[in-house]
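K.L.:
below are the sequence and a predicted model; questions follow.
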Amino acid sequence: MSVRFGYTPVVPPFAGAGQVEEVVSEYMTALDAIGGERWDVADYGRPEPLCLLVATGGTEGVVLDLHGARQSLAPEEPVVLIAHPGNNSLPAALEVLARLHQDGARGRIVFLESPADRAGLDALAEAVAGVLAFRRLRETRIGVVGEPSDWLVASMPDAAAVRDVWGPELVSVPLSELEVAIDAATEEDVAAHAASLAGDASGVVEPSGDEIADVARVHVALSAIVERYALDAVTVRCFDLVLDRKTTGCFALSALTDAGVMAGCEGDVVSTVGLLWAHLLTGEVPWMANPAALDERENTIKLAHCTVPRGLVERYRLRSHFESGLGVGIQGDIPLGPVTLLRIGGTMMDALWVAEGIITATGDAENLCRTQVDIALSRGHVSDLLHAPLGNHIVLVRGHHADHLAEWWETML
């Protein structure tokens with residue numbers, strides 16, 4: 001894993017000439033090989049993350065000074081300290097990180113057992129990627145189109161809490177603007193998206209050609225809203241489209257997520273932040289779904305929703321939206337295999353449930369949302385969802401990423 005970052009080797013004020021090269025020259029070579037570049041303080045205004053390589057003991061004060069210099073140019077950036085087994089590097093790193101934590105700073109230590117420590121270098125690359133995700137979240141604009149759905153009584157965080165804890169800015173967009181944009185969508189754009197949706201499907205069950213065109217129109221309109229407000233993510237009070245337009249936003253949300261604009265339904269801000277976070281940390285296409293059933297004894301859970309991104313599935317059919325029987329819902333087959341599940345919650349969005357498991361089966365039950373998966377958990381417990389739920393929707397990504405997510409949660413949030 002190669003990432004670009006800067007690093008500064010830190011020595012104490014009493015260090016002799018050449019001590020940096022004597023102690024950590026081989027470590028610097030290893031850092032250069034994975035995308036690092038040696039920086040002086042004059043480089044601290046550069047946009048790449050900064051790591052401080054603690055060469056020896058006695059460097060605590062120097063690290064604090066360097067951290068302060070970086071913070072003046074990159075406020076709130078988490079600190080990444082690199083320690084090694086010799087010259088009292090690790091004791092110094094432990095002392096200074098404890099002080100930084102006391103001062104309210106975020107950060108972590110990456111310990112390299114040797115310059116050839118592959119696992120340690122991979123952990124460093126993950127830490128640097130985590131800093132990039134932290135920064136990206138603080139540059140993110142999430143459009144909230146309409147108010148959250150009335151039933152999301154535990155998923156309506158204050159905009160200030162979202163900004164203070166996670167970083168994204170919430171941008172309120174009246175639902176009436178989406179209505180206007182729907183009416184303004186050109187027939188050429190609508191036809192192109194409708195043809196893609198239907199042409200790539202393995203089958204079309206309930207939806208008519210007009211219904212497919214209607215959901216394509218919603219996609220064109222919502223894409224225009226995203227562009228107009230320079231949004232990085234969006235969540236929509238989509239059931240009003242069902243009531244007022246007899247159509248659905250499922251395809252629009254699916255297609256936007258595939259395009260890199262994380263899109264949540266029902267105005268669920270919490271889950272939209274979860275989609276963003278999971279995507280930034282893992283690089284995977286995420287899916288937001290309802291927990292439809294669970295078995296405490298077997299530690300299994302069934303998830304279902306109609307908005308699955310097409311990039312996540314092997315094949316898909318076009319069905320009606322489950323609850324209303326209108327519009328288009330996507331019934332996709334997500335490949336069997338390892339997945340990670342997460343749910344953020346709490347008044348300040350400072351609680352987390354994360355689990356890992358295996359998709360063991362897909363489903364087509366007629367009394368559930370259209371895309372359905374059965375998951376056997378190998379890490380985490382479905383009982384937690386019953387005893388201390390954080391809310392309804394769960395975010396799923398392919399692969400096992402719980403350690404990476406938990407590490408970020410503990411050191412970057």
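P.N.:
Looks like it arrived, so ask away. Numbers count the residues shown, from 1 in each chain.
K.L.:
quick one: low-confidence ranges for the stretch 301-413 of the chain?
P.N.:
Scanning the stretch 301-413 of the chain for pLDDT under 70 picks out no residues.
K.L.:
tell me the pLDDT at Pro148?
P.N.:
Looking at Pro148, its pLDDT is 65.
K.L.:
ugh, wrong one, Gln19
P.N.:
Confidence score, pLDDT, at Gln19: 63.
K.L.:
which stretches of this structure form helices?
P.N.:
In the chain, the segments counted as helices under DSSP state H are 19-33, 60-73, 89-102, 118-137, 159-161, 175-184, 187-199, 209-228, 239-245, 250-258, 269-282, 383-387, 402-412.
K.L.:
residues touching the residue most central in space within the chain, list them.
P.N.:
Closest to where the C-alpha atoms of the chain average out (C-alpha atoms, centre = their mean) is Trp277, at 1.8 Å. Taking C-beta atoms under 8 Å, 6 or more residues apart in numbering as the criterion, Trp277 is in contact with Ala133, Leu137, Trp166, Leu342, Ile344, Leu405. Placement of C-beta: from N, CA and C, glycine included.
K.L.:
what of Asp244?
P.N.:
Per C-beta under 8 Å, 6+ apart, neighbours of Asp244: Glu179.
K.L.:
tell me, how many residues neighbour the closest residue to Gly167 other than its chain neighbours?
P.N.:
Nearest non-adjacent residue to Gly167, counting by C-beta to C-beta, 6 or more residues apart in numbering: Arg138, 3.5 Å away. When neighbours are counted by other C-beta atoms under 10 Å, Arg138 registers 15.
K.L.:
could you do His404 as well?
P.N.:
18.
K.L.:
equivalent analysis for Pro157, please.
P.N.:
22.
K.L.:
what's near enough to touch it?
P.N.:
Val269, Val270, Thr347, Met348, Met349.
K.L.:
what's the domain layout of the chain?
P.N.:
5-137, 141-412 (automatic domain parsing).
K.L.:
and these, which is most packed in?
P.N.:
Each of those was scored by mean neighbour count; the highest is domain 141-412, a mean of 19, by mean count of other C-beta atoms under 10 Å.
K.L.:
so how far is it off the chain centroid?
P.N.:
13 Å (C-alpha atoms, centre = their mean, to the nearest Å).
K.L.:
can you give me the first-to-last residue distance of it?
P.N.:
20 Å (C-alpha to C-alpha, to the nearest Å).
K.L.:
and what of stretch 317-332?
P.N.:
Stretch 317-332: ends 6 Å apart by C-alpha to C-alpha.
K.L.:
give me the contact list for it.
P.N.:
197-198, 201-207, 211-212, 214-215, 241-242, 246-248, 250-251, 254, 306-308, 310, 312-316, 364, 368-371.
K.L.:
in contact with the residue nearest to Leu112 when sequence neighbours are not counted, which residues?
P.N.:
Excluding its sequence neighbours, the residue lying closest to Leu112 (C-beta to C-beta, 6+ apart) is Gly120, at 4.2 Å. Gly120 makes contact with Val110, Phe111, Leu112, Glu113, according to C-beta under 8 Å, 6+ apart.
K.L.:
reformat those as a markdown table; add pLDDT and distance to Ser172.
P.N.:
Formatted as a markdown table, these follow (pLDDT from 0 to 100; distance: C-beta to C-beta, whole Å):
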| residue | pLDDT | distance to Ser172 |
| --- | --- | --- |
| Val110 | 98 | 40 |
| Phe111 | 98 | 45 |
| Leu112 | 98 | 46 |
| Glu113 | 97 | 50 |
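K.L.:
right, and out of the residues you listed, which lies closest to Ala33?
P.N.:
Leu112 (12.5 Å; C-beta to C-beta).
K.L.:
does the longest strand along the chain pack against any helices or strands, and if so which?
P.N.:
When the chain is parsed with DSSP state E, its longest strand is strand 351-363. If you count contacts as 3 or more C-beta pairs under 8 Å, 6 or more residues apart in numbering; DSSP states H and E, strand 351-363 packs onto strand 300-305, strand 337-345, strand 371-379, helix 402-412.
K.L.:
what sits up against the last one?
P.N.:
So the one you mean is helix 402-412. In contact with helix 402-412 (C-beta under 8 Å, 6+ apart) are residues 78, 106-108, 126-127, 130-131, 133-134, 277-278, 281-282, 340, 342, 352, 354-356, 379-380.
K.L.:
re the thing from before, for Leu396, state which of the contacts of Trp277 is nearest.
P.N.:
Once C-beta to C-beta is applied, the member of the contacts of Trp277 that ends up nearest Leu396 is Leu342, at 8.3 Å.
K.L.:
how much space between the closest one and Ala195?
P.N.:
35 Å (C-beta to C-beta, to the nearest Å).
K.L.:
Met288 now?
P.N.:
Taken as C-beta to C-beta, the span from Met288 to Ala195 is 26 Å.
K.L.:
same thing with Val328?
P.N.:
Val328 is 14 Å from Ala195, by C-beta to C-beta.
K.L.:
same check on Leu413?
P.N.:
Distance from Leu413 to Ala195, by C-beta to C-beta: 43 Å.
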